[in-house]
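coordinates only, sequence not included:
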C-alpha cells in the first residue's frame, strides 16, 4: 500500500506504523485517519502479524493533536461527524484483536494523546509530553479522551488534566498511569520491539482472548465477567494451541503455535 501521511513497515511477527507528517508534528487530519484505517484493517487480516507498534516520525512528536487549521474551519455538524469518525477508528485500534503498542517520543497532545490511549500499551521516552489541551481551543477531546482518560488514571487525575489543559512530563504520566513504562529516548523503539517480540512469542488465540476479555469485562458486573472468563477459558482448552502449549511445556521445548 502507498501512503502519504503514514509509513508502514511489515517485519513479521511485528509491524510498525509511523505517523509521517513531521513538519506539522504529525498532527492528525482526515487523510491521516483514512490511511490509519486502511493500515490497521490490513494488519488485522494478516495472520503473520502478531503485534503492532505505533509511533511518530521526526523524533519531536508522537502526534501533536488535531490539525488546528482544519479544526478552525469545522462546523457543528462537521465536528460531530469528525468526532464519530475518530472514535470509530480509535475503537477499532482498541479492539483489533492484536496488541498495539504506542511508542511515544516528544509531544502526544489532544488527538495524539487520545490515539495513544486507544492503544493496548504505552511506552514513553523520557522526553515525552502528554496532555489534552482542547479546553484552550474552546472544545473538549472528541476521540474518546473524556472516557478513556478517567478509566486509565481515575476521575480526579483525569479532570485535573481535562479542565486545566495542562501538558505533563513523561515522569508524571507514568506516576498517574497514563503511560505504562518510561525509557530513555534512545532506547524507545528497541524496548518496544523487545516487548512486542515477547508478546508475539505467546499463543495468538490466548493473547487475543485476553485482550477481548479485559475490554469486555470492564463493562460487565464482576460475576458476569467471571462467567465469561470461564466460557473463554473452556473454549481455549479445546484448541490445538492449548494442546501444543501444554505438550511443549512437558517436553521442555518451545511451542509451535498454529493459531488454531
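Received the coordinates, thanks. Every value quoted in this text rests on a predicted model; they were computed, and no experiment measured them.

and stretch 47-63, which residues are buried?
Residues of stretch 47-63 classed as buried by neighbour count (16 or more other C-beta atoms under 10 Å): 49-58, 61-63. Bear in mind the C-beta positions are built from the backbone N, C-alpha and C, glycine included.

any idea how far residue 106 is from the residue nearest to residue 170 when sequence neighbours are not counted?
For residue 170, ignoring the flanking residues on the chain, the nearest one in space by C-beta to C-beta, 6 or more residues apart in numbering is residue 128 at 4.0 Å. To residue 106, residue 128 is 6 Å away according to C-beta to C-beta, to the nearest Å.

what is in contact with these two at once?
residue 62 (C-beta atoms under 8 Å, 6 or more residues apart in numbering).

the more surrounded of these two?
With neighbours defined as other C-beta atoms under 10 Å, residue 128 and residue 106 compare such that residue 128 has more, 29 against 22.

contacting residues for the more buried one?
Contacts for residue 128 (C-beta under 8 Å, 6+ apart) come out as 62, 104-108, 169-170, 173, 179.

inside strands: which ones of these?
62, 104, 107-108, 169 (DSSP state E).

CSV for those, including pLDDT and distance to residue 163?
Formatted as CSV, these follow (pLDDT from 0 to 100; distance: C-beta to C-beta, whole Å):
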residue, pLDDT, distance to residue 163
62, 97, 23
104, 98, 23
107, 97, 20
108, 97, 19
169, 97, 19
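
okay, strands next: where are they in the stretch 51-200 of the chain?
51-56, 61-63, 100-104, 107-109, 121-125, 129-131, 167-169, 181-183 (DSSP state E, counting those that start in this stretch).

for the stretch 1-150 of the chain, which segments count as helices?
Remark: helices assigned in the stretch 1-150 of the chain by DSSP state H, counting those that start in this stretch are 30-45, 68-72, 76-94, 111-118, 145-153.

out of those, which comes closest to residue 200?
Of all those, it is helix 30-45 that lies closest to residue 200, at 12.9 Å by C-beta to C-beta.

could I get the average pLDDT for that closest one?
The average pLDDT for helix 30-45 rounds to 95.

CSV for the buried residues of stretch 47-63, including distance to residue 95?
Formatted as CSV, the buried residues of stretch 47-63 follow (distance: C-beta to C-beta, whole Å):
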residue, distance to residue 95
49, 16
50, 16
51, 15
52, 13
53, 18
54, 15
55, 21
56, 22
57, 26
58, 29
61, 26
62, 21
63, 20
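
so where's this protein shaky on pLDDT?
Scanning the chain for pLDDT under 70 picks out nothing.

how does it divide into domains?
What automatic domain parsing lists as the domains of the chain is 6-200, 204-250.

please state the offset of the last one from the chain centre?
Okay, so that is domain 204-250. Taking the mean of its C-alpha atoms, domain 204-250 sits 21 Å from the chain's own mean (C-alpha atoms, centre = their mean, to the nearest Å).

ends of that domain, what's the gap?
20 Å (C-alpha to C-alpha, to the nearest Å).

repeat that for stretch 103-123.
End-to-end span of stretch 103-123 (C-alpha to C-alpha): 5 Å.
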